[in-house]
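Asks: sequence-free structure coming up:
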Ligand SMILES: NC(=O)C1=CN([C@@H]2O[C@H](COP(=O)(O)OP(=O)(O)OC[C@H]3O[C@@H](n4cnc5c(N)ncnc54)[C@H](OP(=O)(O)O)[C@@H]3O)[C@@H](O)[C@H]2O)C=CC1
């Protein structure tokens, strides 16, 4: 029993009030925290993944977890899956109660260092209590896990007794305990931590590897993918590449060598079942994600060969890269296992029917419903692979009517798990969701992502050109006409809609835009809409209602109007971050097809930057927020709030231009010019003209806003809502212009 004090209701209110502070400063706090703690306690380097420290992933993940914790401080049940995932990983690293003391000390000190006087004694006290509330919960759960480990409570020496190449990239290591004692059972799907000394770092590092065979008393098998492009004899990737340990195992660990291994842990595993069960199972994986599912298929075929339907679906980049192909194919001949292989890049030697069945990435729509056992409402689905793969497959299963609680995914990273609210619930089948305008870049993306999660019959799509929406109309969506510029068309446009997504009027002037938004909000109130989402913009330093950017003026006014109308219609204003795709606007219309050497803008390029974000990820997260509200309006956490969705990293304009230059293979530079010079640039033309009025000078205030840091805020909300790390700017740009 803990002796730490329970949180008071005042402290809970203080924690909730600091959520926006975490949105803004969380990343800086956790970066300072790791730096200070590891400087003072270098022995902890063995516990933390060094490349993830260096690439900023770990501070971001912790900032996301803190943000989720603060947001759910009065509803900790929502975090129980995340806590279970973290505690399992902690147990596999043998985290002890004393570690929590060190982490608590440095975390609170980092808050003080970053927030300065803003961290009042009252806030500090509330956070100290909140920290120990969570720490006690986790220490308690980890104690239980250690108690269930049959006395195996520290790293144990294992010898490599066999090393087998399974494919071009994947090699299995058979690990037997040096002490020769029998190994405990595990649940198929669980992992072990493997610790290896890294000469380049002069300390050990641990990584988690799924067990790839069924439980055996004398060995564990892991199957490890070798990353291309890194050489384990080169010390540099030891600090930068998360795949370094895997390559070290491939290159330098052989039969007879010793490694340290943890007891098996993990919360992704085959539902423990009675031997007589006949519930069908579909195992869907990509790449090396097949390892835990191979453990499952081996276990299942050894238990109930003739009664249980099993389908093993795997996607590989090349057929030669597919591990266990012969093994799975053989199982499919002698037991009720179906095997379906997808290969994205065929080679001449690939034979259809043996090396592959379908070309391309895994696409469940290429399979018959009966082969996915959709008719059986008990069928369980297990997915493992890259995050985007898992969430895409999950959406595809949901669109086919599979209930969320029958879909299980292997999610390794913590902050991504806090999205349970956004992905795991079954959509309420009667709520009508409206989108206006439902065309355009953002509107189309929102509608596409909504249609993956709810039946088209729940969607009401409103646009000034409804003829562009026939596809979804054909699938059962209601389509209506309305035009911001013809107010009377708004009168009945939102009738029957429960939740409305209002995409802002596309313009950068203020007056007409605000008037149009007000008319639409009033019309929504009249039509009885129960909640309105509004697409605002990512200027304004996080959630502030001040901005020097002219383009933000209409959004701030609209947010004020929404706040003043909240008694009539609850709202959520989503500050959609600056689109990665919109770089031309901030580079004086740089054209990658006709590239100039020098970009002339009223900005030097250095100083605070922009947390760029891919437009389609904004559409996806916006759709997830709408679905979260539809599923559980009473607990929707952004009711009457503003939320910022910005990208994963702040990138200065100079670096932005550098990335664009590298992508097109041409060095680019910035030359700062005055606003007077900017408005006269020939390429500006009428790009900033609205209804014959030239707003170029007003537009140029955006650069001052960038200089002031208004667009530099990295908010963890996007990753949390997407359930994965948002796409890196470099990748979006490469896809766009590479
Ligand atoms: N976050 C960011 O970086 C950026 C945000 N934005 C803003 O975000 C919002 C959405 O952007 P996005 O979807 O990318 O913009 P798009 O230009 O792709 O789409 C504009 C949409 O507005 C519709 N529209 C235009 N005029 C009217 C009208 N009078 N009545 C009804 N609908 C109208 C268009 O309909 P139709 O299909 O009929 O033409 C289209 O659906 C806009 O307000 C835009 O200004 C813009 C750029 C960057």
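Replies: Cool, got the structure. Please read these numbers as outputs of a predicted model, since none were measured by experiment.

Asks: which intervals of this protein have sub-threshold pLDDT?
Replies: Along the chain, the parts satisfying pLDDT under 70 run over 1-3, 273-276, 304-307, 412-429.

Asks: Near the ligand, which residues of this protein? Just list them.
Replies: Proximity of the chain to the ligand (Cβ under 6 Å from any ligand atom) is limited to residues 437, 439-443, 463-465, 483-485, 503-506, 535, 537-538, 576, 578-579, 582. Bear in mind the C-beta positions are built from the backbone N, C-alpha and C, glycine included.

Asks: Which of those are buried? Put it as a PyMOL command.
Replies: Only the buried members of the residues of the chain next to the ligand enter the following PyMOL selection, criterion being 16 or more other Cβ atoms under 10 Å:
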select buried, resi 437+439+441+442+443+463+483+484+503+504+505+535+537+538+576+578+579
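
Asks: In helices, which of the residues of the chain next to the ligand fall?
Replies: The helices, defined by DSSP state H, take in 441-443 from the residues of the chain next to the ligand.

Asks: Tell me which other helices or strands the longest strand belonging to the chain touches.
Replies: In the chain, assigned by DSSP state E, the strand with the most residues is strand 156-165. Other elements packing on strand 156-165 under the criterion 3 or more Cβ pairs under 8 Å, 6 or more residues apart in numbering; DSSP states H and E are strand 170-177, strand 258-261.

Asks: What distance do you get for the residue in the chain that the ligand sits nearest to to residue 535?
Replies: Using Cβ to the nearest ligand atom, the single residue of the chain nearest to the ligand is residue 440, 2.4 Å away. Separation of residue 440 from residue 535 (Cβ to Cβ, to the nearest Å) stands at 10 Å.

Asks: ditto for residue 528
Replies: Separation of residue 528 from residue 535 (Cβ to Cβ): 22 Å.

Asks: just residue 588 next, same as before
Replies: Distance, residue 588 to residue 535, by Cβ to Cβ: 26 Å.

Asks: and the nearest residue to residue 109 once chain neighbours are set aside, how many neighbours does it have?
Replies: In space, and not counting its chain neighbours, residue 109 is closest to residue 36: 6.7 Å by Cβ to Cβ, 6 or more residues apart in numbering. Per other Cβ atoms under 10 Å, the neighbour tally for residue 36 reads 16.

Asks: which residues does the nearest residue to residue 457 once chain neighbours are set aside contact?
Replies: Ranked by Cβ to Cβ, 6+ apart and with sequence neighbours excluded, the top spatial neighbour of residue 457 is residue 476, at 4.1 Å. By Cβ atoms under 8 Å, 6 or more residues apart in numbering, the residues touching residue 476 are 455-457.

Asks: residue nearest the centroid of this protein?
Replies: The centroid of the chain falls nearest to residue 724 when counting by Cα atoms, centre = their mean (1.2 Å).

Asks: give me the element that one is part of.
Replies: For residue 724, there is no host helix or strand (DSSP states H and E).

Asks: Secondary structure of residue 706: a strand, I assume?
Replies: No - using DSSP: H, G, I helix; E, B strand; the rest coil, the secondary structure at residue 706 is helix, not a strand.

Asks: Use 734 as the first number from now on
Replies: That works, and once the first residue is 734, the last one we named lands at residue 1439.

Asks: quick one: it and residue 1386 touch, right?
Replies: Yes - between residue 1439 and residue 1386 there is a contact at 6.9 Å, judged by Cβ atoms under 8 Å.

Asks: Look at residue 808 and say how many residues are nearby.
Replies: 11.

Asks: Surely residue 1230 touches residue 1165?
Replies: Yes - assessed by Cβ under 8 Å, residue 1230 is found in contact with residue 1165 at 5.1 Å.

Asks: Just give me the longest helix of this structure.
Replies: If you go by DSSP H, the chain has its longest helix at helix 854-880.

Asks: for stretch 1237-1246, which positions count as buried?
Replies: Buried residues in stretch 1237-1246, defined by neighbour count with 16+ other Cβ under 10 Å: 1237-1238, 1241-1243, 1246.

Asks: Over to stretch 1320-1339?
Replies: Applying a neighbour-count criterion of 16+ other Cβ under 10 Å, one finds 1320-1321, 1323, 1325, 1332-1336, 1338 buried in stretch 1320-1339.

Asks: same thing with stretch 997-1016?
Replies: 997-1003, 1013-1016.

Asks: picking up where we left off before, touching the longest strand of the chain from outside, list them.
Replies: 904-912, 952-953, 986-996.

Asks: how about 6 Å then?
Replies: With Cβ atoms under 6 Å, 6 or more residues apart in numbering as the contact definition, strand 889-898 has outside contacts at 904-911, 988, 990-992, 994.

Asks: Show me the domain layout of this protein.
Replies: 742-880, 889-994, 1014-1151, 1166-1470 (automatic domain parsing).

Asks: Now do the third one: distance to the chain's middle.
Replies: Right, the one you point to is domain 1014-1151. 22 Å (Cα atoms, centre = their mean, to the nearest Å).

Asks: ditto for the last one
Replies: Chain-centre distance of domain 1166-1470: 20 Å, with Cα atoms, centre = their mean.

Asks: Now do the end-to-end distance for it.
Replies: By Cα to Cα, to the nearest Å, the extent of domain 1166-1470 from end to end equals 34 Å.

Asks: So residue 1025 lies in a strand, does it not?
Replies: No - using three-state DSSP, the assignment for residue 1025 is helix, not a strand.

Asks: Quick one: neighbours of it, just the number.
Replies: Residue 1025 is flanked by 26 other residues according to other Cβ under 10 Å.

Asks: what's it in contact with, if anything?
Replies: Residues near residue 1025 by Cβ under 6 Å, 6+ apart: 922, 943, 1117.

Asks: Try it again at 10 Å.
Replies: The contact partners of residue 1025, taken as Cβ atoms under 10 Å, 6 or more residues apart in numbering, are 920-924, 942-945, 956, 999, 1001-1003, 1016, 1018, 1115, 1117, 1143.

Asks: hmm, back to that, so the residue nearest to the centre of the chain touches residue 1144, yeah?
Replies: Yes - counting by Cβ atoms under 10 Å, residue 1457 touches residue 1144, with 8.6 Å between them.
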